[in-house]
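*Asks:* Quick one: sequence and predicted model below, then my questions.
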Amino acid sequence: MNLYPLILAWKRMEWLALAAAAALAVIGILFIYSASYRQDDMQVTAMTLRQLVWVVLGMGVMLALAAADYRRVAAVAPVLYGASLLLLALVLGFGRTMYGATRWLNVFGIYLQPSEFAKIASILLLARYLAEPGRNFARPQVIALAALIVAVPMALVMRQPDLGTALTFAPMFLAMLFVGGMPIRYAIVLVFLGAVTAVPGWFLLSDYQRERILVFLDPSRDPLGSGWNSIQSSIAVGSGGLFGKGYLMGTQNVLGFLPRTVAPTDFIFSVIAEETGFVGSVTLLTLYAILLGGVVRAGIASRDKLGRLIATGVATLLFCHIFVNLAMTVGLMPITGLPLPLVSYGGSFMITATAGLGLAQSIYVRRVRR
Amino acid sequence: MARENPWNDEVLRLRALFAVMIALFLVLAGRFWQIQIHRGPMYEQDQFRQSIRRVRLPGVRGRLFDRHGRAVADNRPSYTLSIYLEELRKPGSWDRTIDAVEELLRTLSPIVGSPPRLSRTEIRNHIRKQLPLPLHAWRDLDEAAMARFAELAGRIPGVDIQADSTRVYPFGSRAAHVLGYVGRADASSDDGEEPFHYYLPEVAGRSGLEKTLDPLLRGEAGGRLVRVDVTGYRRYDFGQRDPRPGRDVMLTLDMRVQGLAEQALGEDPGAVVVLDPRNGDILAMASRPAFDPNEFVPSIPPTRWRQLNQDPKTPLLNRAVAGGYAPGSTFKLVTALAALESGRSHLGDIHTCSGSFQLGRTTFRCWFHPGHGVLNLRQAIEQSCNVYFFEMGLAAGIARIHEMASRMGLGSRTGVELDFEVAGLVPNDEWKRRTQRDAWRDGDTCNVAIGQGAIVVTPLQMAQVTMLIANGGRLYRPRLVRGIRDFGADSFAMNSPVLVREMNWHAAVLEAVRLGMRDVVHGERGTARRVAISGVTVAGKTGTAEFGRKEDRRRHAWMVAYAPFDAPRYAISIVVDEGISGGETAAPRMRLLLEGLLAANDSEGQG
């Protein structure tokens, strides 16, 4: 086996981003433990250990993709894309239903979310399509075909239903077109079109989705039901103060006001913010800024348009997750099920995030010297 | 290569995109500052409010002691087997937790030695209303149960023994009316600060000294902050302010004297008051029939309560202060003092009793129908001649009788530390006009002069009258509280006697009345000769007061007395609700009481 690409990758990696990613993963493991240690012991160790396994696997995926040439990966993008669509279709047919949504596929006892896989596949296919030499971004047909590439998986994900995940496709698509060179007026038209479709979209939403949005606008609308998580999360974050209550001392999750089902996953930031305060919250935000900065740096340094677009897609995907998750935790956005990259408990998105970071590293490793 | 539009540069666009991301991150950071720093305290308070429950902890109730330090209202430890629900919680429906509790109760039942006494509904109610508090499964465990439980201690999770204190009255029904009784306290919010979420059971005085001294005895409640989880289970205790135990009170009562007083009454309805004329201390205050205050702990069964309340003999009534009686001939002492002190009668006055007294067209009879013949004051008191006192009463007039009686404390509450005390009534012209719209007549004066008619007194008031004669006219407020001991203090802070007023009677007048009273017991024709006991000189006065319809011939039998004659230590009043006469019914009881009081070991009455 030729180890040269791995050694090369290791030597030329974006170290700051890697360090930030590692720090975030460690923070994730620490606070998943904090969020669950009051539950019966077996489950605690199981949850924390499983996350450890995911982190190790994720780091492996990241290093492997960093070593691999992103251009070769992009070459098989149609295959990956096709496979992900097939998996999404399978989910709709045979998926496992939890909390009223069918998002998981049982693969040898492990529940996977094909929607996560679809995000990376879509980024790769879209980047490959847009980076073709001579692609004219001013032609509406090009925009339309690009839109189709994201619209298909997006529609399938929306059917699950998983509105939050489905909506992350849109900014990804817009950002890649924008960086790719789409005229600004097109971008304005697309944003406008998106806003217009949101109006009939309201009526296509299921009741619980509409309720979530209404509760976001007024959490006291249903303080014991849909508004509960939002209120309790704000209380958790707010009561953290400047320095927080200390590790393992956050009462909101210990006492169960922050529901145990979401504390280690979607609301992990509430636990972190309660226990580490404003200082910890800002530290976490800074780590994410460093991480995104690394991905953006890879895009800037990229030797070709393909790399630039892949980096753009990955950065936008990660950013959407970070922003939407944190914003919902502090009551700036409605509750959605988007996990916090590298920190939230869960395997599927861990692999997606590390795969994205791996692609970015691969781009950076193969940058041109200036 | 010249560019028309700088936005065509991919790198520039990517940088712009990143700038937007960082800008949005700054928005998030601003939001963090807003809710963690700016509104942090508010959220912290929200968090506190939703997870902290305040539990009121009552202070241990203060105790009551008699004057020799014997506990008369005490606390004894009682042991409760409590179940901590948070250790039994089961996920899912409450029913599963209730099942677990019931199973535990069944397991514990043979250890405790009695069947589970909590119904499913009671467990459910506890969960709904008092989840963070332990569930009391068995109260007042006996020693055998405690021993059996101790062997298992620690092996059964979620169970523990709690020690509480329970009120106990070691003397049973003795002095029951004075001590009173306790009942479950209402959940009160008078503690200031923030209201509590939970109130632990506490007793409050409902009657007698337990009620009037309640603020002293109750102490100061403490509080415990319990942190609960989202379901309401107790997670841990967050903080505690210990309650302050109540104060101990030493009473003036002497339980030996109290016992003698109650023995003297026996089973007959009536009352006895024994005062120390040197300071107004109430050495005994008995009322019959009585009740056992222990029956009220922790609460009296409703049927028993109804029974006590509806009993025609009114066992809950403290006759000594709440019983209104006509004083009969014991009032003649007051009439004599009123007439002599005002100068309307004189020590040497002599009247003739023919057995009756003619006032206009009305005939007033003396109780001794053959007539007492020629009498001086001393003889009139000795033989309790009505005619002599008709003359005296008419000579003094109702206004002076009323004034003297009032100055001696009749017609108003003594101010003793008990509830339900009645003022009684000394009638006069003004009173009759107001209540009966009729003028006062000489006949009314004749009636009052011998303690009949509208006049009403309490046994305590008559003991007070006796005290005044015994101590030369110093009106001490009758009192039950001798001293108070703060929690943690070594000794009682003693109260000094309260001198309300001095009568400033003429020595000769007082002497004449006293000698008359001595003759009542020791004279040849005294009405209470059977009270004469060897070695001690006693002064007294009997009374027989008719009440109810005349043809029923129902009578209160009275006797007041003080002893020893030269240096009085006891001023006593006895009334028996229904008797033949003071001399026949009350005097033998007075003798019994005095014999007990003056027996060899009576020196403990000192101090």
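*Replies:* It's in.

*Asks:* who's in contact with A:Ser206?
*Replies:* Contacts here follow CB atoms under 8 Å, 6 or more residues apart in numbering or on different chains; on that basis A:Ser206 touches A:Pro161. Yep, even glycine has a C-beta here, placed from its N, CA and C like the rest.

*Asks:* switch to 6 Å and redo it
*Replies:* A:Ser206 is in contact with no residue at all, counting by CB atoms under 6 Å, 6 or more residues apart in numbering or on different chains.

*Asks:* Next, find the distance separating it from A:Ser281.
*Replies:* Relative to A:Ser281, A:Ser206 is positioned 32 Å away (CB to CB, to the nearest Å).

*Asks:* how many neighbours does whatever residue of chain A ends up closest to chain B have?
*Replies:* For chain A, the residue closest to chain B is A:Gly238, as judged by CB to the nearest CB, at 2.7 Å. By other CB atoms under 10 Å in any protein chain shown, 29 other residues sit near A:Gly238.

*Asks:* Name the nearest residue to B:Tyr325, sequence neighbours excluded.
*Replies:* Sequence neighbours aside, B:His556 is the residue nearest to B:Tyr325 in space, at 5.0 Å (criterion: CB to CB, 6 or more residues apart in numbering or on different chains).

*Asks:* Sticking with that neighbour, tell me its helix or strand.
*Replies:* Under the criterion of DSSP states H and E, B:His556 resides in strand B:554-563.

*Asks:* Direction included, what does that strand pair up with?
*Replies:* Each strand paired with strand B:554-563, and its direction, by DSSP bridges: strand B:539-547 (antiparallel), strand B:570-576 (antiparallel).

*Asks:* Dump the longest one to CSV, restricted to CA.
*Replies:* So that's strand B:539-547. Included here for strand B:539-547 are C-alpha records, laid out as CSV according to Å, rounded to 0.1, in the frame of the first residue of the first chain:
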residue,chain,number,x,y,z
ALA,B,539,-61.2,31.8,108.2
GLY,B,540,-64.1,31.2,105.8
LYS,B,541,-67.5,32.0,104.6
THR,B,542,-70.1,29.7,103.2
GLY,B,543,-72.7,30.5,100.6
THR,B,544,-75.8,28.9,99.2
ALA,B,545,-77.0,30.5,96.0
GLU,B,546,-80.4,29.6,94.6
PHE,B,547,-80.6,29.5,90.8
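
*Asks:* contact partners of that strand?
*Replies:* Contacting residues not belonging to strand B:539-547 are listed as B:326-330, B:333, B:514, B:517-518, B:520-521, B:527-528, B:531, B:554-556, B:558-562, B:565, B:581-583 [CB under 6 Å, 6+ apart].

*Asks:* Quick one: buried ones out of those?
*Replies:* For the contacts of strand B:539-547, a burial check counting by 16 or more other CB atoms under 10 Å in any protein chain shown picks out B:326-330, B:333, B:514, B:517-518, B:520-521, B:527-528, B:531, B:555-556, B:558-562, B:565, B:581-583.

*Asks:* From the chain's centroid, how far away is stretch B:383-402?
*Replies:* Here stretch B:383-402 shows a centroid-to-chain-centroid distance of 38 Å under the convention CA atoms, centre = their mean, to the nearest Å.

*Asks:* What ranges in the stretch 151-300 of chain B fall below the confidence cut-off?
*Replies:* Scanning the stretch 151-300 of chain B for pLDDT under 70 picks out the ranges B:153-154, B:187-194.

*Asks:* Run through the strands of it in chain order.
*Replies:* B:159-168, B:182-184, B:198-199, B:203-205, B:222-228, B:234-241, B:248-251, B:270-276, B:281-288 (DSSP state E, counting those that start in this stretch).

*Asks:* Can you tell me which of these is most buried?
*Replies:* Among the strands of the stretch 151-300 of chain B, strand B:270-276 has the highest mean neighbour count (mean count of other CB atoms under 10 Å in any protein chain shown), at a mean of 29.

*Asks:* Alpha carbons of that strand, in CSV - could you do that?
*Replies:* Taking Å, rounded to 0.1, in the frame of the first residue of the first chain, the C-alpha atoms of strand B:270-276 are listed here in CSV:
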residue,chain,number,x,y,z
GLY,B,270,-68.0,22.5,90.2
ALA,B,271,-64.8,24.4,90.5
VAL,B,272,-62.0,25.1,93.0
VAL,B,273,-59.4,27.9,92.9
VAL,B,274,-56.4,28.1,95.3
LEU,B,275,-54.6,31.4,95.3
ASP,B,276,-51.4,32.4,97.1
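
*Asks:* So which residue is dead centre in the chain?
*Replies:* Because you didn't say which chain, this covers chain A. Residue closest to the average C-alpha location in chain A (CA atoms, centre = their mean): A:His321, at 4.3 Å.

*Asks:* not quite, I wanted chain B
*Replies:* Nearest to chain B centroid, counting by CA atoms, centre = their mean: B:Gly208, 1.4 Å.
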